[in-house]
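A.B. asks: Pasting a predicted model and its sequence here:
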Amino acid sequence: MKEKIEEKLRAAFGDGIVSVVDFKGELAVEVKRDRIVEVCKFLKEDPELDFSYLSDVCGADMMNFEDASSRKAYLAIEHEHRPEQVPIEERFLVVYQLTSFKNKAKLRLKVKVDGDNPVCPSVTSVHKAADWYERESYDMYGITFEGHPDLRRIYMPEEFEYSPLRKDFPLMGIPGSIPLPRK
């Protein structure tokens, strides 16, 4: 089945498929950002593949602190209690978990998103379940999903200016950034 998935994706999308990796029996396909909606639609509508179930969409911050400039910026942010976005090309990942019940197969799609402008197309037009998952990634990582029908925060207040799961967000938070309940 894995060979069939890769073969069909490469035939349909060519260079839109960046890489295909089989790690410990799980297939992960990296897709170019501008092709993710098409790929999801293809995987869902292809009768042979039938990846009709989207079980998760999540963000990931891939900022690398081994880079000296990133580490220096992080330390300055931690010290000043002012998280600012550290510009790193392809800093974020958006990860999609798909399931084909027909084939008893799982598939992970990955899309790299720029750190300076974290924008990814929304797949809500293909999978309605993506709605809340994309909102969670928006809320926690600041990744904007173009075309999302109702992109707003779910956990943090709308006026909260930061993205708490980013690696450059101070571990102790930012004093005074959010009103806390009284004792």
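C.D. replies: That came through fine.
A.B. asks: low-confidence ranges in this protein?
C.D. replies: 65-88, 180, 183 (pLDDT under 70).
A.B. asks: residues contacting residue 151?
C.D. replies: Residues counted as contacts of residue 151 (C-beta atoms under 8 Å, 6 or more residues apart in numbering) are 122, 134, 135, 138, 144, 145. C-betas here are computed from N, CA, C, even on glycine.
A.B. asks: In those, find the pair that's most separated.
C.D. replies: For these, with distances taken as C-beta to C-beta, the pair at the greatest spread is 135 and 144 (10.9 Å).
A.B. asks: Give me the more crowded residue out of the two.
C.D. replies: Under the neighbour definition other C-beta atoms under 10 Å, residue 135 and residue 144 were set side by side, and residue 135 has more, 20 against 16.
A.B. asks: How about the more buried one, nearest residue that isn't a chain neighbour?
C.D. replies: residue 154 (5.2 Å; C-beta to C-beta, 6 or more residues apart in numbering).
A.B. asks: And the one you found, how far from residue 57?
C.D. replies: Distance of residue 154 to residue 57, given as C-beta to C-beta, to the nearest Å: 13 Å.
A.B. asks: Between these two, which has more neighbouring residues?
C.D. replies: More neighbours surround residue 57 than the other of residue 154 and residue 57, with 27 against 10 (other C-beta under 10 Å).
A.B. asks: The more buried one contacts residue 94, doesn't it?
C.D. replies: Yes: taking contacts as C-beta atoms under 8 Å, residue 57 lies within contact range of residue 94: 6.6 Å.
A.B. asks: returning to that earlier point: present the contacts of residue 151 as TSV; the columns should include secondary structure and distance to residue 29.
C.D. replies: Formatted as TSV, the contacts of residue 151 follow (DSSP: H, G, I helix; E, B strand; the rest coil; distance: C-beta to C-beta, whole Å):
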residue	secondary structure	distance to residue 29
122	coil	19
134	helix	19
135	helix	24
138	helix	23
144	strand	23
145	strand	19
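A.B. asks: Export these to a markdown table and append columns for distance to residue 177.
C.D. replies: As requested, the contacts of residue 151 are exported to a markdown table (distance: C-beta to C-beta, whole Å):
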| residue | distance to residue 177 |
| --- | --- |
| 122 | 28 |
| 134 | 24 |
| 135 | 20 |
| 138 | 18 |
| 144 | 21 |
| 145 | 24 |
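A.B. asks: what ranges do the strands span in this structure?
C.D. replies: Using DSSP state E, the strands assigned to the chain run over residues 17-23, 26-31, 53-61, 92-100, 105-113, 119-121, 144-146.
A.B. asks: Kindly reformat those strands as a markdown table containing distance to residue 6.
C.D. replies: Shown next, in a markdown table, are these (distance: least, C-beta to C-beta, whole Å):
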| stretch | distance to residue 6 |
| --- | --- |
| strand 17-23 | 5 |
| strand 26-31 | 8 |
| strand 53-61 | 20 |
| strand 92-100 | 14 |
| strand 105-113 | 10 |
| strand 119-121 | 22 |
| strand 144-146 | 26 |
